[in-house]
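Engineer: Next comes the sequence, and after it the predicted model I'd like to discuss.
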Amino acid sequence: VRLRPVRLADARSWSHGRISDQQHLEPWEPGPGSGWAERHKAQHWFSLWRQLRAQTKKGAVYPLVIEVERAYAGQLTIGGVQRGALQSAWIGYWVASRVCGGGVATAAAALAVDWCFQSLKLHRIEATARTENLASKAVLDSIGFREEGLIKDYLVVQGTWRDHLLFGLTAPEAKGGVVNRLVREGKILGAAPPAGGRTGLL
Ligand SMILES: CC(C)(COP(=O)(O)OP(=O)(O)OC[C@H]1O[C@@H](n2cnc3c(N)ncnc32)[C@H](O)[C@@H]1OP(=O)(O)O)[C@@H](O)C(=O)NCCC(=O)NCCS
């Protein structure tokens with residue numbers, strides 16, 4: 001599992017991945033509950049990528065592709081980066097159904113969290129998940145996120161305001177590295193140091 005920055009050339013992978021996995025993704029992701037295929041046409045990637053790139057230049061958002069054996073397998077976004085007295089961000093992710101259940105999201109989130117604390121020098125990372133999203137809650141639990149409370153009517157998902165659980169993790173809680181801990185616990189096989197600007201390999 002590897003994380004890398006999104007590219008303009010990801011248009012077809014993004015579009016195909018999102019459209020072919022509509023049933024797997026739509027119940028959990030913000031959106032109006034209609035027009036999924038239209039919103040994920042490859043031609044929309046360019047404007048999305050351009051907006052994301054502008055946010056990345058400001059240091060506010062880091063949109064990453066999750067690769068499994070060098071193939072596009074989903075995305076992970078570090079967003080809402082706030083500096084000053086907060087030093088915080090949120091993470092969100094999705095993984096293609098064909099590779100689900102093999103620890104991909106856990107590995108990707110571990111890499112991202114370590115990168116946030118060790119390279120971006122953030123102090124706190126948040127994540128939210130619908131109460132019914134057992135897989136995502138299990139991922140956050142493995143990473144070490146604490147459940148902090150219920151946010152009522154937090155996000156529109158499939159056209160309806162949905163309650164979400166809020167999870168938090170601070171840098172001192174992840175001291176020593178999440179990847180290292182997961183390797184020690186046998187949840188992850190191993191880790192190679194980041195190379196060539198990549199965020200890491202597992
Ligand atoms: C959530 C998601 C990212 C998980 O990806 P993944 O690569 O399968 O995740 P992992 O294999 O690393 O871990 C999945 C965990 O969920 C658990 N799990 C999966 N389905 C479950 C279920 N129905 N009930 C309980 N636990 C479940 C697995 O056992 C595993 O936990 P473990 O490591 O403690 O055994 C993926 O299912 C997805 O993209 N879902 C749709 C989009 C989404 O929900 N995004 C997150 C929004 S908050």
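Structural biologist: Nice, I can see it.
Engineer: And for residue 164, the neighbour number?
Structural biologist: Residue 164 sits with 20 neighbouring residues when counted by other Cβ atoms under 10 Å. C-beta here means a position set from N, CA and C on the backbone, and glycine is covered the same way.
Engineer: tell me the contacts of it?
Structural biologist: 128, 129, 130, 131, 150, 151, 154, 155 (Cβ atoms under 8 Å, 6 or more residues apart in numbering).
Engineer: could you flag which of these are buried?
Structural biologist: Buried subset of these (neighbour count, 16 or more other Cβ atoms under 10 Å): 128, 129, 130, 154, 155.
Engineer: Could you find the closest non-adjacent residue to the second one?
Structural biologist: It stands for residue 129. residue 136 (4.2 Å; Cβ to Cβ, 6 or more residues apart in numbering).
Engineer: can you tell me how far the one you found sits from the ligand?
Structural biologist: 4 Å (Cβ to the nearest ligand atom, to the nearest Å).
Engineer: what residues does the helix or strand containing residue 109 touch?
Structural biologist: Per DSSP states H and E, residue 109 falls inside helix 104-118. Outside helix 104-118, the residues that touch it by Cβ under 8 Å, 6+ apart are 1-3, 64, 66, 68, 73-74, 76, 78, 89, 91, 93, 95, 122, 125, 135-136, 139-140, 142-143, 169, 171, 174, 177-179, 182, 187-188, 194, 199-200, 202.
Engineer: Can you flag which of those belong to strands?
Structural biologist: 2-3, 64, 66, 68, 73-74, 76, 78, 89, 91, 93, 95, 125, 169 (DSSP state E).
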